[in-house]
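Chemist: Task: produce atomic coordinates for the following.
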Amino acid sequence: MFLAPAIVTAVLLRLAPTGRALWDSLHSTPLGAEPATWVWLDQFRTLFTDPGFLNSLWVTVLFNAVVNPLQILVALALATLFNERIRGVGLMRTLVFLPVAIPQSVSAVIWAVAFRPDGPLNGTLALFGIGAQRYTTSPVQALPSIMLVVSWIGVGYWMMFLVAGLKQIDPALYDAAALDGAGRWKRFRYVTLPQLHRQIGFVLVAATVSNLLLFAPVQILTEGGPEGSTDVIMNDIFERAYLQADVGGAAAATVVLVLISLIIVIVQFRLLAKGED
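Modeler: Numbers count the residues shown, from 1 in each chain. All right, here's what the predicted structure looks like:
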């Protein structure tokens, strides 16, 4: 009885939509209207011959290959710093975590103002004699700009998990390492990292899934442009479903995204399990 609400919610909000997406991916529903026509894997074949979808795959892979290690490394560095006994550490930790309390859509709007040609970022660069940058309107700078926005939100969130892990490490381990002559770096390498193995593994998997599903900042700041440079898979799915009325194609792209997520997570879990052995 206690599990029933969670089970019903999971079925209605997770399993049923997943089943419907799989069904739609195997049927053609012109303009999203019934009756649907069974097409088997034709929509998947169409997807993988579509330059737009292939570009979204590449952009998504590139984005995750850069932003996931970046977020985890910065979060780990901040967690290690804020675990030290320094003045004002509680306030600094709160300031870093504060963006997490702001919805992604609101954060994107705030950064849209910062990225304006006459915005504060270009104003700061002008003080150092650096010319104005295009940011989200530049095919080269747009994706790094999205990475900056996502990391501004994500780093504080992942940092808190790592801080919690650091608090669980027995101080006696550091004392023993210090008695053996281990310096700060060796204590971090041989004590902190092994003891944080599970927390880092969780953060890695969670960050990967979260960033694979990136949508709001892209839709608000660039709408997948310029020139498709920020057209991640979630944005491609949105455009297929709601702008092109290609329900079957959007469902097929969703299935591909779910499979990619599952494969990456399974590989990560296997690597983490080997690390524990």
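Chemist: what residue ranges in the protein score low on pLDDT?
Modeler: Confidence mapping of the chain against pLDDT under 70 gives the ranges 29-36, 274-277.
Chemist: hey, where'd the strands end up in this protein?
Modeler: 27-28, 37-38 (DSSP state E).
Chemist: so which of those strands gets nearest Leu196?
Modeler: strand 27-28 (46.7 Å; C-beta to C-beta). Placement of C-beta: from N, CA and C, glycine included.
Chemist: for stretch 136-148, which positions count as buried?
Modeler: Thr136, Thr137, Gln141, Ala142, Leu143, Pro144, Ser145, Ile146, Met147, Leu148 (16 or more other C-beta atoms under 10 Å).
Chemist: Return the member of those nearest to Asp24.
Modeler: Ile146 (28.4 Å).
Chemist: Dump stretch 80-90 to CSV, keeping only the CA atoms.
Modeler: Written as CSV, here are the backbone C-alpha positions of stretch 80-90 (Å, rounded to 0.1, in the frame of the first residue of the first chain):
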residue,chain,number,x,y,z
THR,A,80,37.6,20.0,-1.6
LEU,A,81,38.2,23.7,-1.1
PHE,A,82,34.9,24.2,0.8
ASN,A,83,35.6,21.2,3.0
GLU,A,84,38.6,23.0,4.5
ARG,A,85,38.2,25.1,7.7
ILE,A,86,38.4,28.6,6.1
ARG,A,87,36.5,31.8,7.1
GLY,A,88,33.2,32.3,5.3
VAL,A,89,33.1,28.8,3.8
GLY,A,90,29.4,28.4,4.6
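Chemist: shift numbering so it begins at 24
Modeler: In the new count, where the first residue is 24, that last one comes out as stretch 103-113.
Chemist: Quick check: buried residues in it?
Modeler: For stretch 103-113, by 16+ other C-beta under 10 Å, it's Thr103, Phe105, Asn106.
Chemist: now stretch 277-297
Modeler: Buried, per 16+ other C-beta under 10 Å, within stretch 277-297: Thr277, Val278, Val279, Leu280, Ile283, Ile287, Val288, Leu295.
Chemist: One more: stretch 72-79?
Modeler: Buried, per 16+ other C-beta under 10 Å, within stretch 72-79: Phe76, Asn78, Ser79.
Chemist: ditto for stretch 250-260
Modeler: Gly251, Ser252, Thr253, Asp254, Val255, Ile256, Met257, Asn258, Asp259, Ile260.
Chemist: Identify those among those residues that sit within helices.
Modeler: Ile256, Met257, Asn258, Asp259, Ile260 (DSSP state H).
Chemist: Surely the last one touches Ala273?
Modeler: Yes. Applying C-beta atoms under 8 Å, one finds Ile260 in contact with Ala273, separated by 5.0 Å.
Chemist: Can I get the buried residues of stretch 159-171 in CSV including distance to Ser130?
Modeler: Formatted as CSV, the buried residues of stretch 159-171 follow (distance: C-beta to C-beta, whole Å):
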residue, distance to Ser130
Thr159, 14
Thr160, 19
Gln164, 18
Ala165, 17
Leu166, 17
Pro167, 16
Ser168, 13
Ile169, 11
Met170, 13
Leu171, 11
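Chemist: partners of Trp61 in the sheet?
Modeler: His50 (DSSP bridges).
Chemist: From the chain's centroid, how far away is the longest helix along the chain?
Modeler: In the chain, with assignment by DSSP H, the single longest helix is helix 74-105. Between the centre of helix 74-105 and the centre of its chain there are 7 Å (C-alpha atoms, centre = their mean, to the nearest Å).
Chemist: Could I get the buried residue list for it?
Modeler: So, applying 16+ other C-beta under 10 Å, buried residues of helix 74-105: 76, 78-80, 82-83, 86-87, 90-91, 93-95, 97-99, 101-103, 105.
Chemist: how about the nearest residue to the spatially most central residue of the chain, chain neighbours excluded?
Modeler: By C-alpha atoms, centre = their mean, the chain has its centre lying nearest to Asn234, at 1.7 Å. Spatially, and ignoring its direct neighbours in sequence, Asn234 is nearest to Asn87 (5.2 Å; C-beta to C-beta, 6 or more residues apart in numbering).
Chemist: Can you give me every residue that contacts that neighbour?
Modeler: Neighbouring residues of Asn87 by C-beta atoms under 8 Å, 6 or more residues apart in numbering: Thr231, Asn234, Leu235.
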